[in-house]
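Chemist: Okay, here's the prediction I keep looking at, along with the sequence it came from:
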Protein chains: 2
Amino acid sequence: MSLTLYSAFIPVAIRTLQNLSAVLAKGAAHCEARKIDPNAFLSARLYPDMFPLTRQVQIASDTVKGAAARLAGIEMPRYEDNETTFAELQTRLDKTVAFLQTIQPAQIDGKEDADIVLSFPTRTFEFKGQAYLTGWVLPNLYFHTTTAYNLLRHGGVELGKADYLGGA
Amino acid sequence: MSLTLYSAFIPVAIRTLQNLSAVLAKGAAHCEARKIDPNAFLSARLYPDMFPLTRQVQIASDTVKGAAARLAGIEMPRYEDNETTFAELQTRLDKTVAFLQTIQPAQIDGKEDADIVLSFPTRTFEFKGQAYLTGWVLPNLYFHTTTAYNLLRHGGVELGKADYLGGA
């Protein structure tokens, strides 16, 4: 078995989002058990100009659904970014995982040198497929899942590295 | 060009540690400019039973030097974990990068199915090479670099995603 673009990405992203969903479930249970308003966590930021927890989860989702669609050359699913509860964020992650599960290895493998263009309002980034995955998609995915974890951990939710890594 | 175990790991880890070093440099400059005791950041934690900034940086270093040595089947460099300043942490990262730069693709490529055993005082983890890289090494590397970034950001250091991603 050789490492491929698919195997370095799709199963890894699925597992990472499932771990994040389990981390959010612990956040929700913590709020329930201690009669804490879940919005205290969902709107929490590590600094006033950082994104709150809800947005961290949405961006983790967007990062991988965008990458899967761009690498496979297919239409990107659009989500409305209207989640307001832990449960809705978990549904968002479930939807993202279901989309990733539709991607077949043949749609992604061999795209190492494919041209990928990311257009933002103020800037455009151009990558080859491999550099896009290893230098943008994965670091961003882990940045936002770690920051979501850190926001819950910082607020006292009992989480450990095993929750982040999942089944390790 | 096809993705390989080497290309998914060594250049990525080098860049990630260099980005972390640049993030630490901004932390040091922030302290200098505002007459803040650097130890306020170096000992900062997001929660009392999480590791402080210094340890986050050490673990990022340990994760990749251990992985490079295990995958290549060579002796692991030992560092003393005695860093007490931003500059010493940057030196630690420089040493780690220099070690990673000695690794040749032929030492790592094809190790997807190699048996990797991680022994901790209370637990042993067994992996195949590919799962070790994609499910342990990279998520841990990004966890600790993101948490180091978050600790500085949480304390008011002016950082942005471009500092984390590096040259994007």
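Modeler: Right, received. Where do you want to start? Residues are numbered from 1 along each chain as shown, chains lettered A, B, ... in the order given.
Chemist: give me every residue that touches residue A:153.
Modeler: Neighbour list for residue A:153: A:159, B:46, B:47, B:50 [criterion: CB atoms under 8 Å, 6 or more residues apart in numbering or on different chains]. In short, each C-beta sits where N, CA and C put it, glycine included.
Chemist: got the phi/psi numbers for it?
Modeler: Main-chain torsions, residue A:153, degrees, to the nearest 10: phi -60, psi -40.
Chemist: count of residues packed around residue A:63?
Modeler: Applying other CB atoms under 10 Å in any protein chain shown, we find 22 residues neighbouring residue A:63.
Chemist: same check, this time on the one 5 residues further on
Modeler: As a burial measure, the neighbour count of residue A:68 was computed by other CB under 10 Å and equals 25.
Chemist: so what's it closest to, chain neighbours aside?
Modeler: Closest residue to residue A:68 apart from its sequence neighbours, by CB to CB, 6 or more residues apart in numbering or on different chains: residue A:103 at 5.2 Å.
Chemist: Would you check that that neighbour makes contact with residue A:72?
Modeler: Yes. Between residue A:103 and residue A:72 there is a contact under CB atoms under 8 Å: 5.6 Å.
Chemist: re the thing from before, and the contacts of residue A:153, which of them are buried?
Modeler: Among the contacts of residue A:153, the ones that count as buried by 16 or more other CB atoms under 10 Å in any protein chain shown are A:159, B:46, B:50.
Chemist: what sits against the closest residue to chain B within chain A?
Modeler: Across chain A, the shortest distance to chain B (CB to the nearest CB) belongs to residue A:142, at 3.4 Å. Residue A:142 makes contacts with A:16, B:138, B:139, B:142, B:143, B:146, as judged by CB under 8 Å, 6+ apart.
Chemist: Angles on the backbone of it, please.
Modeler: Per degrees, to the nearest 10, the backbone of residue A:142 is at phi -70, psi -30.
Chemist: Same check on the one 10 residues further on?
Modeler: Recorded main-chain torsions at residue A:152 are phi -70, psi -40, according to degrees, to the nearest 10.
Chemist: what does the model give residue A:1 for pLDDT?
Modeler: Note for residue A:1: predicted pLDDT of 74.
Chemist: Find the nearest non-adjacent residue to it, please.
Modeler: Nearest residue to residue A:1, sequence neighbours excluded (CB to CB, 6+ apart): residue B:112, at 5.3 Å.
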